[in-house]
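> Sequence and predicted structure below; questions after.
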Amino acid sequence: MDDLKNIFSLFDTEYITEYKTSWLKVKLSFSSNLLDVAQMLQKNGLRTISTISPTDFIDENKIEMNYFFEDLVTKRNCWLKCDIPRELKHCKIESLSNLFKGALWHEREAYSMFGVKFLNHPDLRPIILSQDYYNKFPFRKDFDWQEHEKNSVENMNLIVESFQEEEHLSENKLDPNSSEMILNWGPTHPASGPIRLKVHCDGEDILGIDPDIGFVWRALEHLVTQKDFVGAIVAVERLCFMDNINSMVCYAQAVEEIAEIEITEFAKWMRVLLGEVGRISSHMMGMGGFYNAMGLHTVAMWNMDMRELFLDFLESYSGARIATASVEAGGVRYGLAPEMLEELQKALDKFDATKEDIKNIFINNPTMKMRAAKLGILTQDEVQEYALCGVVARASGVKTDIRIDEPYAAYDQIELEYVTQKGGSAKDRLFQLFEEIEQSVSIIKQAKKHIEQKIEEGEFNPTKDYMVKMPKKLPKGEAIARVEWARGEVLMHLVTQEKAKSPYRLKMKAPSFNHTMMVEHLLKGETLSDIPLVFGSLYICQGDLDR
Amino acid sequence: MILEILKKVLRVSRALFVKSPAQEDVRFTKMHTSSRYRGKHSIDYETCIGCDSCNKICPTGAITMKHLPFKKQNIVPEVNLSICIFCGLCEDVCPTKPHKSIVLSGGRYDMISGGWHKDQEDFWVHVDIPQSYIDARLEEEEAARVKKELAAKKKAAEAAAAKAQEGEES
């Protein structure tokens, strides 16, 4: 940390404070220093930009930029802030994309949503938004959503026209005598989900891929600001249904930090238990997705069969299988009954009984290994450069796991080690998924045992302890919270105003955004038939890609 | 090596004795149920105090408050199920005790099954209040009003009498 502080002594800063265990929070006086600071941070080992989050302070007529620098090796992080003017003409800042490739899309997102112009950005096109929102910057506080909705027919026509125009352009650009073409992979391809990859190909060789995302953009970050702190959980959990619990845990932590409230020990353990169940249900879908892309649906079926029992537990606990809405700021929403743990035990038994079969048939599958072992290889350097996280990062051998690096809930009391692979290929990512399911099962067993023991000893009261009272109004403040979500690190940056009843700004950094950035990098020079496999192995969910 | 092969043969041959899940006729097995299952709402208009909390917390705006011809407790929630996301927050905030006035846990899952629907009205949880209840409540209110008025009159008369007495005395 001290060497980081030394860097900032060279520049004008408003404050330098240590934040949490591993963060240094710094506000620069002048945004013009940003590039120099970033360069020095990079030399110091902070090679990753997790995300970029502008906050629009309309009353103070400024936009505050937040940069989250991370070092995946030494676990030192830096939260860098600076102000820039709000008027569109002067709303400019130096781009960091040339130093940190992971910032490429995040800067495009900040540009599309807030109109922050990044100077010297190699490719500053709008992203996520549909054409009718271009140059309107919807996340600015003065954007009128209702006014925009009124012209829905014109908006729709505009989207169609732009699509046709784009098709013409891409055909005109290509040489008619060559075999080059632009192929739309998705949004209705069986393996794609709602995403469109514009594949520029020559025959079956891929020359380039430009992902078109935003098909399921719900403006969740804006939606949250329209609800109160409790109602916001239903927007936050829709980050992705497959693991909805950990995203709510992340949001709840941010709110609790601003409210300065400590939750009960029982609630912490419940968050671990529920979170791991969510992770398992997501990873099982992920494994199924990987094999579906290869054309074998048996794994998905087997996994679904097991997953049902885990969902049964979630249903018994919260009353819903998928959209559980079960974690609130202040604890968890419901108490626990002993028969629910019995149901969970059934699911664990089923997994233990099926585990060996899955391992023998699908994980050690020679055909799969032949197909996937040399495809989509990501090196450790690329992981750091592009800010990859979670399963994808660990499959390349990078030891990163928020549960260990910055323990939250009750993870500090749980025996847990980094699970990593070496190769970084598509095959390794499948192996990683399976080993992480095994790890999650062991965590669930530990948590279950602990909870049962404490209930027996009378230290936990499962019908009363689950929730502490939260104040209705929160003070002015801001917080960041990170959790290890099923797909990787989720970072939420929450800003509240004085006597706030609803969040002023919530930035959700979701892992699929960075992972989709890698599609072009991994597939350039490969053939068309590799697209589903590599795409499937990256474990992308459009829910958190578009938000 | 031989041991490995034997193990594999054993593992595979197990399938001969275990009934495959595909053979199971799930039509006759009971589905998983939960007492907390968040399904169709039931609204108790008699205990509802009309505090509007459920309407305020609803994240999707699925709840509208129906006006009743009373002076107090004159609103009661109605839910549009085609907007509702069944998060259950309305039940959480409902302040009535011991039973909540708006309840969806333990509700039915088959709210939108059972034939074709032609009307959006089918996806509403309406509160049907019998006329007799309305009349009884109105009567009650009327009685309370009359009682209050009488009491006020009596008080006024007493005050007037007291004043008159005072005047006489002076």
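Yep, that arrived. Numbers count the residues shown, from 1 in each chain, chains lettered A, B, ... in the order given.

> Only C-alpha atoms from now on, for both contacts and neighbour counts.
Noted.

> which residues in chain B form helices?
Ranges of helices within chain B are B:2-13, B:53-57, B:89-93, B:131-169, based on DSSP state H.

> Adding mean pLDDT, mean neighbour count and distance to chain A, write those out as JSON lines.
Formatted as JSON lines, the helices of chain B follow (pLDDT from 0 to 100; neighbours: other CA atoms under 10 Å in any protein chain shown; distance: least, CA to the nearest CA, whole Å):
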{"stretch": "helix B:2-13", "mean pLDDT": "85", "mean neighbour count": "11", "distance to chain A": "8"}
{"stretch": "helix B:53-57", "mean pLDDT": "86", "mean neighbour count": "20", "distance to chain A": "6"}
{"stretch": "helix B:89-93", "mean pLDDT": "88", "mean neighbour count": "19", "distance to chain A": "7"}
{"stretch": "helix B:131-169", "mean pLDDT": "86", "mean neighbour count": "12", "distance to chain A": "33"}
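
> Just put the ones you listed in a markdown table and tack on distance to residue A:226.
Formatted as a markdown table, those follow (distance: least, CA to CA, whole Å):
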| stretch | distance to residue A:226 |
| --- | --- |
| helix B:2-13 | 56 |
| helix B:53-57 | 11 |
| helix B:89-93 | 16 |
| helix B:131-169 | 37 |
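
> ok, now which ones touch whichever residue of chain B sits closest to chain A?
Closest to chain A within chain B is residue B:37: 3.8 Å, counting by CA to the nearest CA. By CA atoms under 8 Å, 6 or more residues apart in numbering or on different chains, the contact list for residue B:37 reads A:315, A:316, A:318, A:319, A:320, B:104, B:105, B:106, B:107.

> Within range of chain B, give me the residues from the stretch 301-450 of chain A.
A:312, A:315, A:316, A:317, A:318, A:319, A:320, A:323, A:324, A:325 (CA under 8 Å from any CA of the partner chain).

> quick one: secondary structure of the fourth one?
The three-state assignment at residue A:317 reads helix, by DSSP: H, G, I helix; E, B strand; the rest coil.

> count of neighbours near it?
26 (other CA atoms under 10 Å in any protein chain shown).

> again, but for the first one
Close neighbours of residue A:312, defined as other CA under 10 Å, add up to 22.

> Would you check that it makes contact with residue A:345?
No: taking contacts as CA atoms under 8 Å, residue A:312 lies outside contact range of residue A:345: 11.2 Å.

> shared neighbours of those two, anything?
Taking CA under 8 Å, 6+ apart as the contact criterion, no residue touches both residue A:312 and residue A:345.

> Could you measure from the most centrally placed residue in chain B over to residue A:464?
Nearest to the geometric centre of chain B sits residue B:102, at 2.0 Å (CA atoms, centre = their mean). In this view, residue B:102 and residue A:464 are 22 Å apart by CA to CA, to the nearest Å.

> and residue A:205, what are its bridge partners?
residue A:202, residue A:527 (DSSP bridges).

> pLDDT score for it?
Residue A:205 is assigned a pLDDT of 89 by the prediction.

> Could you do residue A:538 as well?
Value listed for residue A:538 in the pLDDT field: 88.

> ditto for residue B:170
63.

> Are stretch A:252-259 and chain B in contact anywhere?
No: figure legend: stretch A:252-259 not in contact with chain B (CA under 8 Å from any CA); closest approach 15.7 Å.

> How about the residues of chain A by chain B?
Residues of chain A lying near chain B (CA under 8 Å from any CA): A:227-228, A:230-232, A:234, A:312, A:315-320, A:323-325.

> ChimeraX command to pick out the buried ones of the residues you listed?
Burial among those is assessed by 16 or more other CA atoms under 10 Å in any protein chain shown; the matching ChimeraX selection reads:
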select /A:227,228,230,231,232,234,312,315,316,317,318,319,320,323,324,325
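
> which one of the residues of chain A next to chain B is nearest residue A:378?
Of all these, residue A:378 sits closest to residue A:323, with 33.1 Å by CA to CA.

> related to what we said a few turns ago, nearest residue to the residue of chain B closest to chain A in space, please, no chain neighbours.
Among residues not flanking residue B:37 along the chain, residue A:319 sits closest, at 3.8 Å (CA to CA, 6 or more residues apart in numbering or on different chains).

> got the residue ranges for the strands in the stretch 401-547 of chain A?
Remark: strands assigned in the stretch 401-547 of chain A by DSSP state E, counting those that start in this stretch are A:477-484, A:489-496, A:505-509.

> how distant is the helix or strand where residue A:35 lies from the center of its chain?
Applying DSSP states H and E as the criterion places residue A:35 in helix A:34-43. Relative to its chain's centre, helix A:34-43 lies at 25 Å (CA atoms, centre = their mean, to the nearest Å).
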